[in-house]
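A.B. asks: Generate coordinates for the sequence data below:
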Amino acid sequence: MRLFHPRSSQAQQFRNFIFGVEDSLVSTVGVLSGVAFADVPRSIIFITGIVVIFVEAFSMGVGSYLSERSGAEFLLRKESSSIASIPAAFLMFAGYFFAGFVPLLPYMILPVAAAFPVSIASSILALFLLGVWSGSVSRTRIFRSGLRMAVLGGLAILIGMGVGAFMKAVV
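C.D. replies: This next block holds a predicted model:
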């Protein structure tokens, strides 16, 4: 059983960190873009961002812990140690938490109209750089990895903007 092989553990931690950062950038900028596109006050955008970052970082960390432990128990067919799942869960939490401030920071320092495009652009750039770094670490095509991360994350941003526009029109 190679479940707890050192390379497997490194891959698990790498995967959780990438997932946490990517999900934070996409989810946070998607939510903030949707809320900002709905033309709400800056204070509401800020509160929404803080709530999303804190709740989702904790939720993603707990989800990582529970899913990694459940996966180990599935493979081993017995209860596994909870200790092995903690580093990956912490990386998921930390990645999500800190990356969430990339799309939120422009709303903290700029007027909403200026923060909106800066938040989106900085998040897409961060996604691209995350993909480049991931490709570099995994020794795959760096530019393709960065582009894939930025494009797929950009689609989520468009969904957030679309939902925000729709809700603005409905409400």
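A.B. asks: So which elements touch the helix or strand that E22 is a member of?
C.D. replies: Secondary structure from DSSP states H and E places E22 in helix 6-37. Counting contacts by 3 or more C-beta pairs under 8 Å, 6 or more residues apart in numbering; DSSP states H and E, helix 6-37 packs against helix 42-76, helix 86-99, helix 101-109, helix 112-138, helix 142-170. C-beta here means a position set from N, CA and C on the backbone, and glycine is covered the same way.
A.B. asks: Mind telling me which of those the model trusts least?
C.D. replies: Confidence, taken as mean pLDDT, is least for helix 142-170 of the helices and strands packed on helix 6-37 (a mean of 88).
A.B. asks: Tell me what angle that one forms with helix 6-37.
C.D. replies: Computed by axes from the mean of the first three to the mean of the last three C-alpha atoms, to 10 degrees, the angle separating helix 142-170 from helix 6-37 equals 30 degrees.
A.B. asks: just to revisit the earlier point, most packed of the helices and strands packed on helix 6-37?
C.D. replies: For those, the largest average neighbour count (mean count of other C-beta atoms under 10 Å) is found in helix 86-99, namely a mean of 22.
A.B. asks: ok and it relative to helix 42-76, angle-wise?
C.D. replies: 160 degrees.
A.B. asks: who touches helix 86-99?
C.D. replies: With contacts defined as C-beta atoms under 8 Å, 6 or more residues apart in numbering, helix 86-99 is touched by 9, 12-13, 15-25, 28, 53-54, 56-58, 60-65, 68, 126.
A.B. asks: again, only using 6 Å
C.D. replies: 12-13, 16-17, 20-21, 24-25, 57, 60-61, 64-65, 68 (C-beta atoms under 6 Å, 6 or more residues apart in numbering).
A.B. asks: circling back: can you add distance to S33 and give the helices and strands packed on helix 6-37 back as a markdown table?
C.D. replies: Shown next, in a markdown table, are the helices and strands packed on helix 6-37 (distance: least, C-beta to C-beta, whole Å):
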| stretch | distance to S33 |
| --- | --- |
| helix 42-76 | 10 |
| helix 86-99 | 16 |
| helix 101-109 | 8 |
| helix 112-138 | 6 |
| helix 142-170 | 5 |
